[in-house]
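> Just to be clear, the model below is a prediction. Sequence and coordinates:
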Amino acid sequence: MIPPTFPRTRRRASPADSLAPRLLAAALAVGALLLTLLIPSSPAWSSTPSQASAGSGAVDYFELSGVIDPVSANTLLRSIGTAEASGSSVLIIRLDTPGGLRVPVTGLVDRIRHATVPIVVWIAPQGARAAGAGAFVAYAAPVLVMGPGTTLGPPIPVNLDGKPDTGAAGAYLRAMRTNNVPLDAVSDSTAATQGLVSFRAGSLITLIQNLNGRTVTVNGQPVTLSVLGAPLRFHKLGFLDRLLHAATRPAVACMLLLIGVFGLVFEFYFPGIGAAGLMGGGALVLSLYGFSVLPTSWAALALVVVSLILFVPDLHNGGLGLPTAAGTVGFVVGSILLFPHASPALALPWWTIVAGVLGTLLFFISIMTAALRARVARPPAGIDGLVGSVGIARTDLVPDGEVTAAGSLWRARTLGAAIPEGTRVRVRSVVGLLLLVEGAGDSQTTAETPSGEAPEA
């Protein structure tokens, strides 16, 4: 007997066929735009670094901006090792940070103080600051330079997680205090007056010109810098490291959480090639990393997630109900309580909460509701004729999955036991665009043909 074949008939496209991809594309575009605005980019002049060979006496340059987290701290340590191994003339660290987060400050300080390459910490550009762990990094360098309009300190709290600063970091601060290191924030002019900085520089060119010919102490030995005309070599975070570093910003972590939930919900209701699911899963992984580094209240985070789930029931009711109201209130409360003990530098911006509420309402009440209405408004022509036909399970039905019937891919649900992938199934009824199927045994199976006749023997 010839195996049953399936006609390649096309079902009439429903409005959801064209609407759902457009809505998904719009959601992806909005999410990408938000992340583009939130994730800082490197200066244009550092995008094309000069390539210096090992031992060429290059000037190495590394930007340490934002919260000093484990990713950026490890990259700094690698940059110091690379500069030492290549025989660089000097390593310049441009610093702009509110402090550290879950980083071993004393390890950074000891590495900088005992480095065999001259290290210059440059607090720049205008408006930059070096507070908390950043102040420790600045004071540890043999040469400290500040740009105009910048701030140094306060060194306490060392980390921004709200925990008391104790142990070796506090002892090191007390040792620096004997050298009249201030405990309060000081401006660049005040720091210059008090002798806390070597000099002030507003540009990289000015910085290099003032460094040339200067004698500094490196690991207990005097070294005279010769940097004029030396090639520049820029050290940057890799792509994945940039993503992880950006995810430790509270606003970015929250936006990634929303994008992740939106992507998974969209994929659940409109299964296809899996783009929305992959996007949602990746965004959730990044957001969870960010929340694990940030001083997050996990109870508040759970409240935010539950609040987002509360928006789902009203998708089927087609209006604003009590679940939506409860979800909105829960989302706002959970967002406010996400970082209860963190430093003000890690406070969740108010605009993030407002954007989150508006984005969630837009996604569930407008985008998803419109897509679902379009999906069931006009069933494909001839869908009732599928009842009694035979198809193939394209995924495991446990109990939901996908089957091919009448030449098209359908969502299906088994009426009995689980059906493995590749098994023939018989359509027993249709609910909306969901096929209710059961396994089709060899003795019962008749393949559908364009004329409705049984297959040839």
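Nice, thanks for sending it over.
> When you work out contacts or count neighbours from here on, use the C-alpha atoms and nothing else.
Noted.
> Just the CA atoms of stretch 226-239, as PDB, please.
Extracted C-alpha coordinates of stretch 226-239, given in PDB (Å, rounded to 0.1, in the frame of the first residue of the first chain):
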ATOM      1  CA  SER A 226      58.500  58.500  27.500                       C
ATOM      2  CA  VAL A 227      55.100  58.400  25.800                       C
ATOM      3  CA  LEU A 228      55.200  61.100  23.100                       C
ATOM      4  CA  GLY A 229      54.600  59.500  19.700                       C
ATOM      5  CA  ALA A 230      54.000  56.100  21.200                       C
ATOM      6  CA  PRO A 231      51.100  54.100  19.500                       C
ATOM      7  CA  LEU A 232      47.800  53.900  21.400                       C
ATOM      8  CA  ARG A 233      46.300  50.500  22.100                       C
ATOM      9  CA  PHE A 234      42.800  50.400  23.400                       C
ATOM     10  CA  HIS A 235      41.400  47.700  25.600                       C
ATOM     11  CA  LYS A 236      37.600  47.200  25.600                       C
ATOM     12  CA  LEU A 237      35.000  44.900  27.000                       C
ATOM     13  CA  GLY A 238      34.000  42.100  24.600                       C
ATOM     14  CA  PHE A 239      30.500  42.000  23.200                       C
END
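> ok, residues contacting stretch 339-354?
The contact list for stretch 339-354 (Cα atoms under 8 Å, 6 or more residues apart in numbering) reads 98, 160-162, 249-251, 254-255, 294-297, 332, 335-336.
> so which pair among the residues you listed is furthest apart in space?
Across the contacts of stretch 339-354, no pair lies farther apart than P98 and V332, at 25.9 Å, counting by Cα to Cα.
> Name the residue in these two with the higher neighbour count.
Set P98 next to V332 and count neighbours by other Cα atoms under 10 Å: P98 wins out with 29 against 17.
> Spell out which residues sit in contact with the more buried one, please.
Counting by Cα under 8 Å, 6+ apart, P98 touches G66, V67, R129, A130, A131, G132, G134, A345.
> who does the third one bridge with?
Bridge pairing for R129 (DSSP bridges) gives the partners T151.
> which of the contacts of stretch 339-354 lies closest to A138?
Closest to A138, out of all of the contacts of stretch 339-354 and judged by Cα to Cα, is P98, at 12.5 Å.
> next one: phi and psi at that closest one?
Backbone dihedrals for P98, given as degrees, to the nearest 10, come out at phi -80, psi -10.
> Report the separation between it and L240.
P98 sits 22 Å away from L240, taking Cα to Cα, to the nearest Å as the criterion.
> Kindly report the same for G99.
Using Cα to Cα, G99 is found at 22 Å from L240.
> which residues sit against the host helix or strand of L256?
Element membership for L256 (DSSP states H and E) is helix 250-269. Here helix 250-269 makes contact (Cα under 8 Å, 6+ apart) with 24, 31, 34-35, 38-39, 246-247, 274-284, 286-288, 290-291, 294, 308, 346-349, 352, 356, 360, 363, 368.
> Near T193, how many other residues are there?
T193: 10 surrounding residues under other Cα under 10 Å.
> so what's it scoring on pLDDT?
In this model, T193 is scored at 89, pLDDT.
> Also the one 5 residues further on?
The predicted local distance difference test score for S198 is 92.
> Please tell me I have it right and it contacts P142.
No - the pair S198 / P142 is not scored as a contact, 9.1 Å apart, by Cα atoms under 8 Å.
> neighbour-wise, which of those two wins?
Neighbour count, other Cα under 10 Å: between S198 and P142, P142 has more, with 19 against 16.
> circling back: please indicate which of the contacts of P98 are buried?
G66, V67, R129, A130, A131, G132, G134 (16 or more other Cα atoms under 10 Å).
> what does stretch 146-156 contact?
Residues outside stretch 146-156 that contact it (Cα under 8 Å, 6+ apart) are 122-136, 165, 182-189, 191, 197, 199-203.
> for stretch 274-283, that is, sorry about that
Counting by Cα under 8 Å, 6+ apart, L24, L256, L257, I259, G260, V261, F262, G263, L264, F266, E267 sit against stretch 274-283.
> May I ask which of those residues comes out lowest in pLDDT?
Lowest pLDDT among the contacts of stretch 274-283: L24, with 49.
> quick one on the thing from earlier: of the contacts of stretch 146-156, which belong to helices?
A133, G134, A135, F136, D188, S189, A191 (DSSP state H).
> Dump those to CSV, plus distance to V427.
What follows is the ones in helices among the contacts of stretch 146-156, written out as CSV (distance: Cα to Cα, whole Å):
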residue, distance to V427
A133, 65
G134, 66
A135, 69
F136, 70
D188, 77
S189, 80
A191, 79
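> Could I get the buried residue list for stretch 105-113?
By 16+ other Cα under 10 Å, the buried positions in stretch 105-113 come out as V105, T106, L108, V109, R111, I112, R113.
> Can you report phi and psi for D241?
Phi and psi for D241, reported as degrees, to the nearest 10, are phi -60, psi -40.
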